[in-house]
Structure formats: structure tokens, C-alpha cells
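Visitor: Sequence first, predicted coordinates after that:
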Amino acid sequence: MGAPARMMRFCPMCAAPLIERADEGEGGKLRLACPDGHWTHWDNPLPVLAALVEIDGRILLARNAAWPEKMFALVTGFMERGETPEQGVARELKEETDLDASEIKLIGVYEFIRKNEVIIAYHVKASGEIRLSPELVEYRLVAPEKLRPWHAGTGYAVADWMRARGLPVEFIDLPAA
């Protein structure tokens, strides 16, 4: 479940090879489907949770182990079955930084079409001692007025959060991956 369309090759019900079929109800949009009608791969976007983490008045930006050296961003993770977005963002924060969320407020919802995701971004006030999971290799604590959002996914949430506080927004280009 949840595998990208390019990886789906067989019907999970009958193991028949999937075919591209025009969806009659949606203007002929092509979808992978079972030729016998058992299953359709809708390939809907995945919900991703993002935390703009505030700790002691500064914003935590983290670098994922797979990213270039100078690339820092928000703490993110996938929402899991049986949890609200707020519970999920608090869980991700705890898993990735060992911080405890005390206040969680929605910033907004953002498209990330390139990765077929929908980002649900929150401002999270947190406390505790930062201990990074193996997924993250380093972090920075940045004064809110020194933040420089990026033209992608969670960067737009950072910009909206800054604007809501009357802070000037100056976008930067992310380093190449």
C-alpha cells in the first residue's frame, strides 16, 4: 500500500498485470488499473506533517542525513493511521528531536506536487533537550527574524508564518541535492 504508481505493476487482488485505463468519471484521466476491474491505483497525494518548531524563542531547522551540507529545513514526517495531524506532528517531533510539543497551531496546507504530497504545516512550541534521531545529522536554532524561507514545500509555510508576525520575508535558493 502507498507505493508510487511507477512501482505498482500487478493487481493486489488477482495478480493480473495492471493496465493504463482512462477513468470515465474524471475526463479520461489515465490510471493504473486491473483489467478485470478488481482494483484501481488512485495515486492520491500523501499527507506530510511539517513542524516549524519554536524552542526558547528560536526556530529549529534540521538537516536530514541525505541532504547536502548546507540544507536545513523543518522537521517533517508522514501522518500515520489512527492519529490526528496534531498528534502526528507531536509524534514526529518527539521521534526526530526528542522534544515535547506544548502548543500546536496550524500554519497552512501546501502542495508539493513534485513528490505527490500535501504538506500540513504547524507552528509547534516545544521544550526539552534536543537529541536528534539517526535520520537527522545536525540542527540550527535561528532567530525568527533571521529565517530565510525557500521556494519549495515547507519554505512557503515558513514565509506565511513570518508574514503573520510582521517579519520581512526574503527567499533563498536551496543548495542542489
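Guide: Received it, and whenever you're ready, just let me know what you need.
Visitor: mind giving me the domain ranges of this protein?
Guide: By the record's domain assignment, the chain is partitioned as 5-41, 46-164 (automatic domain parsing).
Visitor: Surely Glu159 is in a helix?
Guide: Quick fix: residue 159 is Ala, not Glu. Yes: assigned with DSSP: H, G, I helix; E, B strand; the rest coil, Ala159 falls within a helix.
Visitor: what bridges to Leu30?
Guide: Beta-bridge partners recorded for Leu30 (DSSP bridges): Ala22.
Visitor: secondary structure element for the nearest residue to Trp150 once chain neighbours are set aside?
Guide: Spatial nearest neighbour of Trp150, excluding adjacent residues (Cβ to Cβ, 6 or more residues apart in numbering): Leu174 at 4.8 Å. Using the backbone N, CA and C atoms, a C-beta is placed for each residue, glycine as well. Using DSSP states H and E, Leu174 sits within no helix or strand.
Visitor: tell me the contacts of Leu174?
Guide: Counting by Cβ atoms under 8 Å, 6 or more residues apart in numbering, Leu174 touches Met71, Trp150, His151, Ala152, Gly155.
Visitor: One more pass at 10 Å, please.
Guide: Trp67, Pro68, Lys70, Met71, Phe72, Ala73, Trp150, His151, Ala152, Gly155 (Cβ atoms under 10 Å, 6 or more residues apart in numbering).
Visitor: doesn't the fourth one fall inside a helix?
Guide: Read it as Met71. No: assigned with three-state DSSP, Met71 falls outside any helix and is coil.
Visitor: if I read this right, it contacts Arg63, doesn't it?
Guide: Yes: using Cβ atoms under 10 Å, Met71 is in contact with Arg63, at 6.1 Å.
Visitor: Please identify which of those two sits among more neighbours.
Guide: The residue with more neighbours, out of Met71 and Arg63, is Arg63; 18 against 15, by other Cβ atoms under 10 Å.
Visitor: these two touch, right, that one and Glu96?
Guide: No: judged on Cβ under 10 Å, Arg63 makes no contact with Glu96 at a distance of 11.6 Å.
Visitor: Report the set of residues contacting both of the two.
Guide: The contact sets of Arg63 and Glu96 overlap at Leu132, Leu136, Tyr139 (Cβ under 10 Å, 6+ apart).
Visitor: What is the neighbour count of Ala121?
Guide: Burial measure for Ala121: 26 neighbouring residues, criterion other Cβ under 10 Å.
Visitor: would you say it is within a helix?
Guide: No: per three-state DSSP, Ala121 lies outside any helix segment and is strand.
Visitor: contacting residues for the nearest residue to it once chain neighbours are set aside?
Guide: Excluding the flanking residues, the one nearest Ala121 by Cβ to Cβ, 6+ apart is Ala157, at 3.4 Å. Contact analysis of Ala157 by Cβ under 10 Å, 6+ apart lists 50-52, 74, 106-110, 119-123, 149.
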